[in-house]
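1. Here you go, sequence then predicted model.
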Amino acid sequence: MAPGTYAADSITHLALYMTSSQQILLTLFSSVVINIVIIGGSFRLLLLHQGEACEPFWVSKSSRSLRHRPRRACNNCGPIGLTRKMSQVEVSEGSVEVQGCTSPLFYRQIRPSSGDTKMSILLLHGRSFSSENWLNVGTLHTLANAGYRAVAIDLPGLGRSSSAEAPVAVGELAPAAFLTDVCKRLELSPVVVISPSLSGMYSLPFLLQQQHLLRAYIPIAPICTEKISAQQYHSIKVPSLIVYGDRDTSLGQVSLNNLSQLANHSVAVIKGAGHACYLDDPDTWHRLLTDFLSQL
């Protein structure tokens, strides 16, 4: 039944029992009611279209963090970005077969939609996290808006790569061939590697054995730093930015002490932040990151 039809029938039935003056007033009132019903129905259809056909993006600020969720496009609306600037970037997802993994690894990629990219950035993650954290905290979009190609993978056994088996046990150094193959298949070299926490087991062997494939290295309190010798650290010439939160008094301090032996490094401390310092203070993290990259 069309919007307003039921209301019109009900009002007509009621008019049979009313006087002439009451019928005049009722006629005026019914006209207003029917228009409201029709307009309301049309507005509801618009809301349903926006809510179901196009999943809206949301932006919320909490503890100075900016969180994003990508918006799904529909046939009528076309591709939609997260902010005004997002019309200038391309967002994609995919999977990649990697040597030593039983199943493909999931990845997210964001890059400028026009012009050449300045360089490629590979973002790894910690044990309790995934590539989605880099999306939610805004790091992927910060990099793309600055002209970089940003690729975040879900490591084996985690996130949307949960079916992939890790090449070694957690806490052991993985073969350098693992990230070498990731970079080769995704065409990332030379690459800047961002490596928090657990991902140190993958990034450190890659850093040590494949320096020629790296543009820079950004460790964020990674594990396994004690497994590299002082002599090995001194042999690494890749520009490195060591990032940690001053409230990360365990792994943050241990990794800092070891990574400070890198031949070409600088240190950035995020005040008031813990182990996942990039989540505690995204604004400071993004400033430190883009400032460092702009100097490469």
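-> Alright, I've got the coordinates.

2. how about low-confidence regions in the stretch 101-250 of the chain?
-> Applying pLDDT under 70 to the stretch 101-250 of the chain flags no residue at all.

3. 90 instead, please
-> 101-102, 113-116 (pLDDT under 90).

4. Can you point out the buried residues in stretch 104-124?
-> For stretch 104-124, burial by neighbour count (16 or more other C-beta atoms under 10 Å) applies to 105-112, 118-124. All C-beta spots, glycine's among them, are computed from the backbone N, C-alpha and C.

5. If you could redo that for stretch 188-200, that was the one I meant.
-> 188, 191-200.

6. Give me the subset of those lying in strands.
-> 191-196 (DSSP state E).

7. Which secondary structure state is assigned to Gly274?
-> coil (DSSP: H, G, I helix; E, B strand; the rest coil).

8. between the helix or strand where Ile218 lies and strand 191-196, how big is the angle?
-> In the assignment (DSSP states H and E), Ile218 maps to strand 214-220. Taking axes from the mean of the first three to the mean of the last three C-alpha atoms, to 10 degrees, one finds strand 214-220 and strand 191-196 inclined to each other by 10 degrees.

9. Strand 214-220 packs against which elements?
-> strand 191-196, helix 200-209, strand 240-245, helix 282-294 (3 or more C-beta pairs under 8 Å, 6 or more residues apart in numbering; DSSP states H and E).

10. Quick check: what element follows it along the chain?
-> Downstream of strand 214-220 (by DSSP H and E), the next one is helix 230-234.

11. that older thread, which among the ones in strands among the buried residues of stretch 188-200 gets closest to Ser162?
-> Checking these against Ser162 by C-beta to C-beta gives Pro196 as the nearest, at 18.9 Å.

12. For that closest one, list the residues it contacts.
-> Going by C-beta atoms under 8 Å, 6 or more residues apart in numbering, Pro196 touches 124-126, 129, 219-222, 276, 278.

13. so who does Leu204 touch?
-> 173, 195, 222, 224-225, 227-228.

14. One more pass at 10 Å, please.
-> Listed by C-beta atoms under 10 Å, 6 or more residues apart in numbering, the contact partners of Leu204 are 173-174, 176, 179, 193, 195, 217, 219, 222-225, 227-228, 232-233, 236, 258-259.

15. re the thing from before, which two in the buried residues of stretch 188-200 are spaced the farthest apart?
-> Greatest spatial distance in these: Leu188 and Ser197, 20.9 Å, computed using C-beta to C-beta.

16. Distance to Asp283 added to the ones in strands among the buried residues of stretch 188-200, as a markdown table?
-> Below are those laid out as a markdown table (distance: C-beta to C-beta, whole Å):
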| residue | distance to Asp283 |
| --- | --- |
| Val191 | 25 |
| Val192 | 20 |
| Val193 | 23 |
| Ile194 | 17 |
| Ser195 | 21 |
| Pro196 | 17 |
